[in-house]
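In: what's the 3D shape of this:
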Amino acid sequence: MRHILMKTAAASLLVLGLASCADDLNISSIDPQTSTSYEDMGLLAKIYATLGVTGQQGPAGKGDISSDEGESGFYRTTFNLMELPTDECNWAWQTDTDIPQISGIGWNANSARTQWAYQRLGFDITLYNFYLSETAGKADDADYKYYRAETRFLRALHYWYFLDLWHKAPFKDENDALTALPVEKVGKELYDWIDNELTEIESELAPIGTFNDNKNFGRADQGAAYMLHARLALNSAVYTDGAVKDYQKAINYCDKVIAGPYELSRIPVTNPKNGLTYSGYAQVFMADNDVNVNAMKEIILPIRQDGLKTRCYSGANYLVSSTRISGMPYAGTSNCWSCNYARPDLIKKFFPLENIPMATEEAPEKATESQIIALDDASGADTKGILAAAGDDRALFYAGCGGGIRKLRTDKLNNFLDGISIVKWQNIRSDGGDVHDKEFPDVDIPLFRLAEAYLTRAEAKFRLNDADAISDINFLRTRANAIPLSTLTEQDIIDEWSREFFMEGRRRSDLNRFGLFVGNKYIWAWKGGKPEGQPVDAHFRYYAIPQDDINNNKNMHQNDGY
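Out: Have a look, this model is predicted:
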């Protein structure tokens, strides 16, 4: 099987595979909308690369979409719509385009950030359809059987984002005429299409776990399709307006994944360079998670990132740089943006009494990193102290004096120190090795990982009144060295989703499924744009269809309430 590589005029972009492999193909990335001459393997490379880069050059220049290129990436655009309006994080730069509207749940049909995500998903789907159309004659080739099924999976994933974020999609597949306008698929119709599409391709994909190795890490096999199918089924009542409740299907697909070759990352390692011990959980989000077998075994499908070969401002760089401020120890980046920080409600998931250790005295002027580390150790406000106080390996926060003294709660939002720092994503290798670059991280982004199968199965069993649901929750809590639960409530489950998956680009979806995102059932800090929070109208369950698309496509209709 050939490995998939991409190179541009600026750099050789290793999307999948290893540069040393004898059968590597050096291929050029192509945008079929601006070029009629291409190699289909080059287009396949572009199809995967578009998950982790933003254009033809990187980190900026020749962007796929004509907007601020750094804001246009697949992960950053979808992450922002899934995370910024929720109880998990705030964005300090409130003067940035549309940030108050998104973080305060007050967007409308002209919101730029909604449009950026909508355009990115649509652009990617155009690539997928073009590839499938152009390779139809190669469907019987052994390699192309996989390539085409993988492309169909990625297209289904993108339509899932449309369904989750907008409850509808401007729909096209490879059989549509190039000049035809996309048709509108809404709710159950789109749910059924994704459900059927995943069912069709599952037998065409490589067997589960085939690509969970250092040669093809980042390609989609049956494991990825099973996880997307489980995620779709778990949300079935939301997506079909109550017409379908496919909880047993969610359980069945999780059973397939859990019986597969994956394992939770659970073996702690001590970094010889800084002397810190990293839990199995922490290693999943570190710079060597593509070569550390302990971490790799948990990751079912990652977005590949490399500090030299996949430079952009929308992937791992966004996750690492936005959560650091200059002066923080172990920052792992030379470019601290000081943007994303924790809302107090996220901290309460680990510290219900809000008694998280916090530094109270500023560091001396011009303090060295070693001096700050010593001060933090004394105060217990470093990550090591917070983990110990929380009794949970997932409490990856920092409240020391590096960069300034932090607050837990605030009546303003324009300062990175208005909240506790999140250090879940780290451009540091657990083995003490050197990263490729100090600005652009090596951290691969897990789109699907094994822990989701356990939590999905637990929730689905709970909704079917299966008393065994608690065992899957406690399996994850045991991995995190957290005290097992003795009873299980709906509140326990939604809180566990946050503890396990905070800052992984899914929180809004989970809150919606529990009926907590809109209305007054759950109020968190700054919900609705007020410090103490306030209820928001039900129409904000879904984003507005961008007005530009309404104007340009007569088939699309606006969501209710906009």
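In: okay, CA-based contacts and neighbour counts for the rest of this
Out: OK.
In: which residues does Gly223 contact?
Out: 207-209, 257, 260, 300 (CA atoms under 8 Å, 6 or more residues apart in numbering).
In: Kindly report the same for Ala395.
Out: 350, 386-387, 499.
In: For the stretch 451-562 of the chain, which segments count as helices?
Out: Secondary structure of the stretch 451-562 of the chain, counting by DSSP state H, counting those that start in this stretch: helices at 469-479, 490-501, 507-513, 547-552.
In: looking at those, which is closest to Gly55?
Out: helix 547-552 (22.4 Å; CA to CA).
In: Go ahead and name everything in contact with the closest one.
Out: 109-110, 556-558.
In: 6 Å instead, please
Out: 109-110, 556 (CA atoms under 6 Å, 6 or more residues apart in numbering).
In: Emit the PyMOL select command for whichever of these are buried.
Out: To isolate the buried ones among the contacts of helix 547-552 in PyMOL, judged by 16 or more other CA atoms under 10 Å, type:
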select buried, resi 109+556
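In: the strands in the stretch 1-150 of the chain, which residues?
Out: Remark: strands assigned in the stretch 1-150 of the chain by DSSP state E, counting those that start in this stretch are 6-7, 12-13, 89-91.
In: In the helix or strand harbouring Ile386, which residues are buried?
Out: Following DSSP states H and E, the helix or strand that holds Ile386 is helix 383-390. Buried residues in helix 383-390, counted by 16+ other CA under 10 Å: 383-387, 389-390.
In: Next: stretch 369-386.
Out: 372-373, 375-377, 379-386.
In: Now that we have those residues, can you turn them into CSV and tack on pLDDT and distance to Tyr313?
Out: Listed next are the buried residues of stretch 369-386 as CSV, based on pLDDT from 0 to 100; distance: CA to CA, whole Å:
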residue, pLDDT, distance to Tyr313
Ile372, 98, 28
Ile373, 98, 29
Leu375, 98, 32
Asp376, 98, 30
Asp377, 98, 32
Ser379, 97, 34
Gly380, 98, 33
Ala381, 98, 30
Asp382, 98, 27
Thr383, 98, 26
Lys384, 98, 29
Gly385, 98, 31
Ile386, 98, 29
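In: chain center to stretch 398-410: distance?
Out: Stretch 398-410 sits 25 Å away from the centroid of its parent chain (CA atoms, centre = their mean, to the nearest Å).
In: for the record, mean pLDDT for it?
Out: For stretch 398-410, the mean per-residue pLDDT is 97.
In: rewinding a little: farthest-separated two in the contacts of Ala395?
Out: Ile386 and Arg499 (14.2 Å).
In: still on that earlier bit, which of the contacts of Gly223 fall in strands?
Out: With strands defined by DSSP state E, the entries of the contacts of Gly223 inside them are Ile300.
In: hmm, back to that, redo the helices of the stretch 451-562 of the chain as a markdown table? Include mean neighbour count.
Out: Converted to a markdown table, the helices of the stretch 451-562 of the chain look like this (neighbours: other CA atoms under 10 Å):
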| stretch | mean neighbour count |
| --- | --- |
| helix 469-479 | 20 |
| helix 490-501 | 17 |
| helix 507-513 | 21 |
| helix 547-552 | 14 |
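In: so which of those helices comes closest to Pro364?
Out: helix 490-501 (33.9 Å).
In: hang on, the earlier thing: what is the nearest of the contacts of helix 547-552 to Gly404?
Out: Closest to Gly404, out of all of those and judged by CA to CA, is Asn110, at 36.8 Å.
In: that older thread, now, among the contacts of helix 547-552, which is nearest to Thr487?
Out: Of the contacts of helix 547-552, the one sitting nearest to Thr487 (CA to CA) turns out to be Ala109, at 43.4 Å.
In: Is it correct that that closest one is in contact with Ala544?
Out: Yes: contact status for Ala109 versus Ala544: in contact at 5.0 Å, counting by CA atoms under 6 Å.
In: Give me the contacts around the helix holding Ile386.
Out: 350, 393, 395, 397-398.
In: can you do 8 Å?
Out: 350-351, 356-357, 377, 380, 393-399.
In: quick one: which of the contacts of Ala395 is nearest to Phe153?
Out: Arg499 (28.3 Å).
In: Low-confidence ranges, the chain, go.
Out: 1-38, 66-67, 177-179 (pLDDT under 70).
In: show me the biggest helix of it in terms of residues.
Out: The residue-count maximum for a helix in the chain (DSSP state H) belongs to helix 142-166.
In: Can you tell me the SS state at Tyr341?
Out: State at Tyr341, reduced to three classes by DSSP: H, G, I helix; E, B strand; the rest coil: strand.
In: still on that earlier bit, okay if I get the buried residues of stretch 369-386 as TSV plus distance to Ser471?
Out: Converted to TSV, the buried residues of stretch 369-386 look like this (distance: CA to CA, whole Å):
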residue	distance to Ser471
Ile372	41
Ile373	39
Leu375	40
Asp376	37
Asp377	36
Ser379	36
Gly380	33
Ala381	32
Asp382	32
Thr383	28
Lys384	28
Gly385	29
Ile386	26
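In: farthest pair in those?
Out: Ile372 and Ile386 (15.8 Å).
In: just to revisit the earlier point, buried subset of the contacts of Gly223 as a ChimeraX selection?
Out: Listed next is the ChimeraX selection for buried residues among the contacts of Gly223, using 16+ other CA under 10 Å:
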select :208,209,257,300
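In: Show me which of the contacts of Gly223 is closest to Val238.
Out: Distances from Val238 to the contacts of Gly223, taken by CA to CA, are shortest for Val257, at 23.4 Å.
In: Now for Ala109 and Ala544: what residues contact both?
Out: Tyr562.
In: quick one: Leu154 from Asp382, how far?
Out: Distance, Leu154 to Asp382, using CA to CA, to the nearest Å: 39 Å.
In: Just the contacts of helix 383-390: which are in helices?
Out: Per DSSP H, the contacts of helix 383-390 map to helices at 350, 377.
In: hey, where'd the helices end up in the stretch 101-250 of the chain?
Out: 112-134, 142-166, 187-201, 222-234, 236-239, 247-258.
In: Could you say which of those helices is packed most deeply?
Out: Comparing the helices of the stretch 101-250 of the chain by mean neighbour count (mean count of other CA atoms under 10 Å), helix 222-234 ranks first with a mean of 26.
In: Can you check what angle separates that one from helix 142-166?
Out: 30 degrees (axes from the mean of the first three to the mean of the last three CA atoms, to 10 degrees).
In: Could I get the CA-only coordinates of helix 222-234 as CSV?
Out: Provided in CSV are the C-alpha atoms of helix 222-234 (Å, rounded to 0.1, in the frame of the first residue of the first chain):
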residue,chain,number,x,y,z
GLN,A,222,-13.1,1.0,10.2
GLY,A,223,-12.3,2.2,13.7
ALA,A,224,-12.9,5.9,12.7
ALA,A,225,-16.2,5.0,10.9
TYR,A,226,-17.4,3.0,13.9
MET,A,227,-16.7,5.9,16.2
LEU,A,228,-18.5,8.5,14.0
HIS,A,229,-21.4,6.1,13.7
ALA,A,230,-21.6,5.7,17.5
ARG,A,231,-21.4,9.5,17.9
LEU,A,232,-24.2,10.0,15.3
ALA,A,233,-26.4,7.4,17.0
LEU,A,234,-25.9,8.8,20.5
